[in-house]
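**Q** what follows is a predicted structure for the sequence shown.
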Amino acid sequence: MPELPEVETSRRGIEPWIAGTRITRVVVRDRRLRWPVARGVERKLQGRVVDSVGRRAKYILIRTDADTIILHLGMTGSVFIVDHDAPSSVHDHIDIELDSGKTLRFRDPRRFGSFHLSKDPLTHPLLEKLGPEPLGDEFDGEYLWRKSRGRKVSIKQFIMNAHVVVGVGNIYASESLFLAGINPKRAAGRTARHRYDALADAIRDILARAIKAGGTTLRDFYGGDGEPGYFKQQLEVYDREGEHCRCCNTIIKAFVQGQRSTYYCMSCQT
DNA sequence: CGCTGACCCTGACGGC
DNA sequence: TGCCGTCAGGGTCAGC
């Protein structure tokens, strides 16, 4: 479900509701996430004050005056604000009750998401080896080109690898390759420097525009404010198999790469 | 180290 | 209407 723009939209949606509030109680209804939720997180978080809500890659970082919550939404996770007495449904696994009378709720039907506590989140094993942020200063065509030398994987799988660059999921990988005019099957190590310049620009552009639109809602994504994302209307290839390319009218094709669907225009992308 | 494929889990949807 | 197969925006891990 959520790629970087959806995670960022979620972060922005919840931050105003929880920053500066005190956690009065934490309820974990189901500990069976991607990794089991550790025993004792309820006790560690009770009474803590939330400082801020940040993000690294697709992880939401809820910083308190003690531990930081490292939250991942997986494929189907979402976070939203409800009143204390709001009834929960089957997939509402974690509630963080606040002294404001509101509750931060984590819902995740497929339970691919995760929930950890850490004093120093950036050195947590899940985060420490991640590649640069695509919207940050270290990320550019030069970086991608250098990193790709000698790599035989397809360029699409290459940019979806979080050790290369974070936050580029299946939708925006297809979209940015379209925008840069690169065939997704091309080997990463056999792609020229100037193409990586175009690709880095495309990734930044796509992600920034998607954040501006509040993310992409394909079926069930809603930001912290309950609004869907509107970027779907701007998708050029993703989920458009059999439709016409808006640029050249060629039929959009789909195929599978690394067990994920890739969409592209064989005439615009070479 | 790099790459591939299995796997984790539930729900929605299309075909029959 | 109901059953069944397929697919889904995430990522880790074992094995080669």
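**A** Looks like it arrived, so ask away.
**Q** so what's residue A:239 up against?
**A** Applying C-beta atoms under 8 Å, 6 or more residues apart in numbering to residue A:239 gives the contacts A:171, A:218, A:232, A:263. From N, CA and C alone the C-beta is placed, and that goes for glycine too.
**Q** 6 Å instead?
**A** With contacts taken as C-beta atoms under 6 Å, 6 or more residues apart in numbering, residue A:239 has no neighbouring residues.
**Q** confirm it sits in a strand?
**A** No - counting by DSSP: H, G, I helix; E, B strand; the rest coil, residue A:239 is located in no strand; its state is coil.
**Q** for it, give its distance to DNA strand C.
**A** Using C-beta to the nearest atom of the strand, to the nearest Å, residue A:239 is found at 8 Å from DNA strand C.
**Q** give me the pLDDT for that residue.
**A** With respect to pLDDT, residue A:239 scores 94.
**Q** residues of chain A that sit close to DNA strand B?
**A** Contact residues, chain A versus DNA strand B (C-beta under 7 Å from any atom of the strand): A:32, A:34, A:76, A:90-91, A:109-112, A:151-153, A:157, A:188-189, A:219-220, A:258-259.
**Q** mind doing that once more with 10 Å?
**A** Residues of chain A lying near DNA strand B by C-beta under 10 Å from any atom of the strand: A:30, A:32-34, A:74-76, A:89-91, A:108-112, A:129, A:147-154, A:157-158, A:161, A:163-164, A:187-189, A:219-220, A:256-260.
**Q** now for residue A:39, how many residues are close by?
**A** Using other C-beta atoms under 10 Å, residue A:39 has 9 neighbouring residues.
**Q** what about it, which SS state?
**A** Residue A:39 is classified as coil under three-state DSSP.
**Q** which residues sit in contact with it?
**A** Here residue A:39 is in contact with no residue (C-beta under 6 Å, 6+ apart).
**Q** make it 10 Å
**A** Shown in contact with residue A:39 (C-beta atoms under 10 Å, 6 or more residues apart in numbering): A:28, A:31.
**Q** how far away is it from DNA strand B?
**A** Applying C-beta to the nearest atom of the strand to residue A:39 and DNA strand B gives a distance of 19 Å.
**Q** for residue A:25, same thing?
**A** In terms of C-beta to the nearest atom of the strand, residue A:25 sits 26 Å off from DNA strand B.
**Q** dig out what that residue forms beta bridges with.
**A** residue A:97 (DSSP bridges).
**Q** gap between it and residue A:108?
**A** 20 Å (C-beta to C-beta, to the nearest Å).
**Q** on that earlier part again, out of the residues of chain A next to DNA strand B, which are buried?
**A** Buried residues within the residues of chain A next to DNA strand B, defined by neighbour count using 16 or more other C-beta atoms under 10 Å: A:33-34, A:74, A:76, A:91, A:108-109, A:111, A:147-148, A:151, A:153-154, A:157-158, A:161, A:164, A:188, A:257.
**Q** of those, list those near DNA strand C.
**A** A:34, A:74, A:76, A:109, A:111, A:161.
**Q** pLDDT weak spots in the stretch 151-270 of chain A?
**A** A:224 (pLDDT under 70).
**Q** quick one: the helices in the stretch 151-270 of chain A?
**A** Counting by DSSP state H, counting those that start in this stretch, the stretch 151-270 of chain A has helices at residues A:155-160, A:170-180, A:193-212.
**Q** skipping adjacent residues, who's closest to the residue in the stretch 51-200 of chain A positioned nearest to DNA strand C in space?
**A** For the stretch 51-200 of chain A and DNA strand C, the shortest gap (C-beta to the nearest atom of the strand) falls at residue A:169, measuring 1.8 Å. Nearest residue to residue A:169, sequence neighbours excluded (C-beta to C-beta, 6 or more residues apart in numbering): residue A:3, at 3.4 Å.
**Q** dump the residue contacts of the nearest residue to residue A:214 once chain neighbours are set aside.
**A** Spatial nearest neighbour of residue A:214, excluding adjacent residues (C-beta to C-beta, 6+ apart): residue A:229 at 4.4 Å. Residues in contact with residue A:229, defined by C-beta under 10 Å, 6+ apart, are A:2, A:5-6, A:9, A:210-211, A:213-218, A:221-223.
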